[in-house]
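J.: Here's a sequence, model it:
(2 chains)
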Amino acid sequence: MKLSPKFKTGIIILLVIVFFIILNLFSVAKSVKNFFYWISLPAQRTFWSLGNSLSDFFAALLVRKNLREENEAFQLRIQELLSEKAAKRELEKENEILREALKLGLQKEFELKMAEIIGKDISQDFLLIDKGAKDGLVEDLIVITEQKVLVGKVKELYNNFSKVALVSHPETSLDVEVFEKEIEGMVRGKGNFHLSLELLPKEKEIEKGDLIITTSLSRTYPKGLLVGYITEVQHQDVEPFQEAKVQSAFNIGKIKYLFIITDY
Amino acid sequence: MRKFFFLIIFLYILALMESSFFIHFRILDGLPSFILISQILISLFEDPKENRAIFSAFVAGALGDIFSERPIGLSLLILVSLSFLIKKTLREYVRIPALTRF
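T.: Numbers count the residues shown, from 1 in each chain, chains lettered A, B, ... in the order given. Sure, this is the predicted structure:
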């Protein structure tokens, strides 16, 4: 029996599709990706740093006209922060004295592992970091910046690398509270670095600039990590809850190193 | 053979740059897929009788999948199909004598 060329082509296409399905079902695809990330690491690091520097340069050119106003605003903010710092120092001193008195001793808040960002999947709110299963990472570990700002969760593990789903990933949702207002709500990732704050009681007052931090309600995230700040409050009379747009507190273009919380 | 080698190197660098370099230059929250654009251009400007674009689509798709969150094979199949369709259309329905092809 002689097979027609169209039939042969169909069989080949089917075999290719089956091959890729099998490749993705088993860990072969992960090993392939891990190998390519490993051989591409130096180049990816270089491209990342180069892109970072160039984008900073162009961004500086674009915002040049607003620099003066921004500078004045930042000067004021620095003064505010300095006065806050002074006040906080006083509280710390008081706290230290109390701890000494109670003989509690300071404990480390978290056990951390440092990792470097080497790539990013633009379309799906993912980061690629240079630590993986070999470094003792497991899925769902929390990833933060050095300023204790929540970045996301480890979602996919390779031997030497991991993929971190950002807090803005559409599958991410977490219990939060508005800092110093004791208003609880839920932050949901909207993709493309966008976040929304939902399930906020209507009678509670929130405003632009309010800080959002994690709570220990869900037990998935450590308490007190900074998630972001409110950029826009959305009131809708027909809805039982109010919503707000939230801006992540970290700037993806500025960070190079991340910390993975291995225990808390 | 040398052309194939340079094509693979070019696509590899493009895939790397897409995941590590171009993401710093996002416009309106988005970034065009340079792999897809380059693949369309290669398919359009290659001689319709040649089949290098299909090979290029295979490599570009595989590299695109490796450096993204997608399962391996998805972009590959899409790009190969797209390239095949473009070539078939050009071969059977389009005649542009003035168009320079490589």
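
J.: partner strands of the helix or strand harbouring residue A:258, parallel or antiparallel?
T.: Assessed by DSSP states H and E, residue A:258 sits inside strand A:257-263. According to DSSP bridges, strand A:257-263 forms sheet pairs with strand A:111-121 (antiparallel), strand A:142-144 (antiparallel).

J.: tell me the mean pLDDT over it?
T.: Strand A:257-263 shows a mean pLDDT of 84.

J.: Let me know the secondary structure of the residue of chain A found nearest chain B.
T.: Here the residue of chain A nearest chain B is residue A:20; by C-beta to the nearest C-beta that distance is 2.8 Å. Backbone N, C-alpha and C define where each C-beta goes, glycine included. Assigned with DSSP: H, G, I helix; E, B strand; the rest coil, residue A:20 falls in the helix class.

J.: Output the below-cut-off pLDDT ranges for chain B.
T.: B:28-29, B:96-102 (pLDDT under 70).

J.: Mind jotting down where the helices sit in it?
T.: Along chain B, counting by DSSP state H, helices occupy B:2-20, B:34-45, B:52-66, B:74-93.

J.: Chain A now?
T.: Using DSSP H, helices in chain A cover A:5-25, A:28-62, A:67-102.

J.: Comparing those helices, which comes out most buried?
T.: Among those, the stretch with the highest mean neighbour count (mean count of other C-beta atoms under 10 Å in any protein chain shown) is helix A:28-62, at a mean of 15.

J.: and that one with helix B:52-66, angle?
T.: Angle, helix A:28-62 to helix B:52-66, by axes from the mean of the first three to the mean of the last three C-alpha atoms, to 10 degrees: 90 degrees.

J.: and the strand holding residue A:258, which residues are buried?
T.: A:258-261 (16 or more other C-beta atoms under 10 Å in any protein chain shown).

J.: So what touches that strand?
T.: Strand A:257-263 is contacted from outside by A:110-117, A:127, A:129, A:131, A:136-137, A:141-146, A:151, A:154, A:164, A:222, using C-beta atoms under 8 Å, 6 or more residues apart in numbering or on different chains.

J.: Stretch A:28-44 now?
T.: A:23, A:118-119, A:128, A:130, A:132, A:158-161, B:13, B:16, B:19-20, B:66-67, B:71-72.

J.: Separate out the buried members of those.
T.: Buried members of those, scored by 16+ other C-beta under 10 Å, are A:118-119, A:128, A:130, A:132, A:158-161, B:16, B:19-20, B:66-67, B:72.

J.: Check the residues you listed and tell me the two furthest apart.
T.: The distance between the two most remote of the buried ones among the contacts of stretch A:28-44 (C-beta to C-beta) is 21.0 Å, for A:130 and B:72.

J.: which one of the buried residues of strand A:257-263 sits closest to residue A:178?
T.: So of the buried residues of strand A:257-263, ranked by how close each gets to residue A:178 (C-beta to C-beta), first place is residue A:261, at 22.8 Å.

J.: how close does the closest one sit to residue A:142?
T.: 4 Å (C-beta to C-beta, to the nearest Å).

J.: joint contacts of these two?
T.: With C-beta under 8 Å, 6+ apart, residue A:261 and residue A:142 have common neighbours residue A:222.

J.: My read is that residue A:174 contacts residue A:228, right?
T.: No - using C-beta atoms under 8 Å, residue A:174 is not in contact with residue A:228; the gap is 11.4 Å.

J.: Now do the shared contacts for the two.
T.: A:167, A:187.

J.: Close to chain B: what parts of the stretch 151-264 of chain A are there?
T.: Residues of the stretch 151-264 of chain A lying close to chain B by C-beta under 8 Å from any C-beta of the partner chain are A:156, A:163, A:192-193, A:253.

J.: Going by neighbour count, which of the residues you listed are buried?
T.: Buried among these (16+ other C-beta under 10 Å): A:156, A:163, A:192-193.

J.: Among those, name the ones in strands.
T.: Counting by DSSP state E, those place A:156, A:163 in strands.

J.: pLDDT for the buried ones among the residues of the stretch 151-264 of chain A next to chain B - can I get that in JSON lines?
T.: Converted to JSON lines, these look like this (pLDDT from 0 to 100):
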{"residue": "A:156", "pLDDT": "87"}
{"residue": "A:163", "pLDDT": "91"}
{"residue": "A:192", "pLDDT": "82"}
{"residue": "A:193", "pLDDT": "83"}
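
J.: May I see the buried ones among the residues of the stretch 151-264 of chain A next to chain B organised as CSV, with distance to residue A:39 added?
T.: Shown next, in CSV, are these (distance: C-beta to C-beta, whole Å):
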residue, distance to residue A:39
A:156, 19
A:163, 18
A:192, 30
A:193, 29
